[in-house]
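*Asks:* Here is a sequence together with a model predicted from it:
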Amino acid sequence: KNITASYLNDHPLWDKILKSKFEQRTPFSLQRFLCAKSILDSDNEIGIYLDSDMIALKSLRDLETKFIDSKKDISIVSVKKEWDRRQQSSVLIFNKKGAQRLWSSYEKYLNKDISYDELIYLKNINEIGSIHYSWNCLEYIDQNTALIHYTDMDTQPWLRNGNSNAGIWYSYLWSYIQNKDNEETFLNEIKLKNVRPSLITIKKYGPSVSVFPISLRLKDINFVPKHRFNNLPGKLLRKYFPFLLRLILELSFLKADGNPNIR
């Protein structure tokens with residue numbers, strides 16, 4: 001059977017989630033449970049949820065095989081001890097029974113029977129399988145990497161220069177924009193300030209550029225990712241003083257020794 005891919009923000013229940021009054025760090029994190037609902041409502045036997053800030057470097061068939069070998073209804077990917085990171089469910093694979101357990105967990109969350117952390121980290125679900133770390137390499141790449149995950153929202157290569165694993169993402173971006181429609185999408189995302197301005201360098205010089213031109217890096221000074229400081233009263237600071245917000249963001253990196261998102 002062929003692998004079918006879909007964007008979960010197109011799911012008919014997504015708008016309802018966005019309008020919910022429940023507190024959550026990132027609403028899109030709840031999309032993994034819509035993936036489970038999609039499997040329950042379809043003829044498919046296995047569902048694979050992937051965050052959108054990832055690049056899969058090997059066939060998902062390999063991941064499917066590892067899930068079947070785990071002999072569990074739900075599996076997640078293990079975390080290497082030296083990463084010093086919490087176990088994630090950002091790569092989540094399950095069968096029909098697992099999908100039912102995931103959706104039931106989400107319904108408990110809707111009823112306020114469990115917290116957001118209990119839901120997202122699957123704390124109320126037992127018997128979860130573990131798949132080799134190579135299928136969710138968190139800001140890490142080695143010869144075994146099957147999937148690289150740019151999990152730190154403040155260091156993602158489309159938002160900030162200097163990510164040590166940016167090169168492979170640049171190469172995929174370069175390949176993507178060779179299509180005219182994709183190129184227009186890319187340029188529009190820069191215009192909308194969803195990605196940093198200096199990425200235009202990839203279009204001009206290709207993915208192997210080692211240093212971004214200073215003129216374009218200066219433009220990044222006024223670029224503040226939209227997820228940052230979005231609770232500020234009014235829009236004046238973001239509109240007229242972006243360099244100040246950028247300075248605050250950079251200071252947060254210094255305070256956290258360059259690792260603001262590790263916990």
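*Replies:* Here it is on my side, so go on.
*Asks:* What values do phi and psi take at Thr155?
*Replies:* Torsion angles at Thr155 (phi, psi; degrees, to the nearest 10) stand at phi -120, psi 10.
*Asks:* Skip the chain neighbours and tell me the closest residue to it.
*Replies:* What sits nearest to Thr155 in space, not counting adjacent residues and going by Cβ to Cβ, 6 or more residues apart in numbering, is Asn163, at 5.3 Å. (Glycine included, C-beta is placed from N, CA and C.)
*Asks:* before we move on, what SS does the one you found have?
*Replies:* coil (DSSP: H, G, I helix; E, B strand; the rest coil).
*Asks:* Let me know whether it touches Thr151 as I believe.
*Replies:* No: using Cβ atoms under 8 Å, Asn163 is not in contact with Thr151; the gap is 11.2 Å.
*Asks:* Overlap of the contact sets of these two?
*Replies:* Common contact partners of Asn163 and Thr151 (Cβ atoms under 8 Å, 6 or more residues apart in numbering): Glu139.
*Asks:* Looking at those two, which one has more neighbours?
*Replies:* Thr151 (21 against 17; other Cβ atoms under 10 Å).
*Asks:* how would you label that one: helix, strand or coil?
*Replies:* Strictly by three-state DSSP, Thr151 counts as coil.
*Asks:* Name whatever forms a beta bridge with Val91.
*Replies:* Note on Val91: beta-bridge partners Leu50, judged by DSSP bridges.
*Asks:* Surely it touches Asn136?
*Replies:* Yes: with contact defined as Cβ under 8 Å, Val91 and Asn136 form a contacting pair (4.3 Å).
*Asks:* Neighbours of Phe212, how many?
*Replies:* With neighbours defined by other Cβ under 10 Å, the count for Phe212 comes to 19.
*Asks:* quick one, which of Val91 and Asn136 is more surrounded?
*Replies:* Using other Cβ under 10 Å, the more surrounded residue of Val91 and Asn136 is Asn136, with 29 against 22.
*Asks:* Quick check: closest non-adjacent residue to the most centrally placed residue in the chain.
*Replies:* The residue lying closest to the centre of the chain (Cα atoms, centre = their mean) is Asp53, at 3.3 Å. Setting aside the residues directly before and after it, Asp53 is nearest to Tyr150 in space (Cβ to Cβ, 6+ apart), at 4.7 Å.
*Asks:* so what's that neighbour up against?
*Replies:* 53-54, 139, 156-157, 163, 165, 169.
*Asks:* go on, Leu254?
*Replies:* Leu254 makes no contacts at all, as judged by Cβ under 8 Å, 6+ apart.
*Asks:* what about it, which helix or strand?
*Replies:* helix 242-255 (DSSP states H and E).
*Asks:* returning to that earlier point: how much space between the residue nearest to Thr155 and Tyr150?
*Replies:* Per Cβ to Cβ, to the nearest Å, Asn163 is found 7 Å from Tyr150.
*Asks:* Closest to Asn2 out of the contacts of Tyr150?
*Replies:* Within the contacts of Tyr150, the smallest distance to Asn2 is 20.7 Å, found for Met54 (Cβ to Cβ).
*Asks:* The closest one - nearest residue in space that isn't next to it in sequence?
*Replies:* His149 (4.9 Å).
*Asks:* Is that neighbour in contact with Glu139, as I believe?
*Replies:* Yes: counting by Cβ under 8 Å, Glu139 is a contact partner of His149 at 7.2 Å.
*Asks:* The two: who's more crowded?
*Replies:* Higher neighbour count among His149 and Glu139: His149, with 23 against 19, using other Cβ under 10 Å.
*Asks:* how about the more buried one, what does it touch?
*Replies:* Per Cβ under 8 Å, 6+ apart, neighbours of His149: 51, 53-54, 90-91, 136-139.
*Asks:* and the helix or strand of the chain with the lowest mean pLDDT, how far out from the chain's middle?
*Replies:* Lowest on mean pLDDT, DSSP states H and E among the helices and strands of the chain sits helix 236-240, with a mean of 77. From the chain centre to the centre of helix 236-240 is a distance of 27 Å (Cα atoms, centre = their mean, to the nearest Å).
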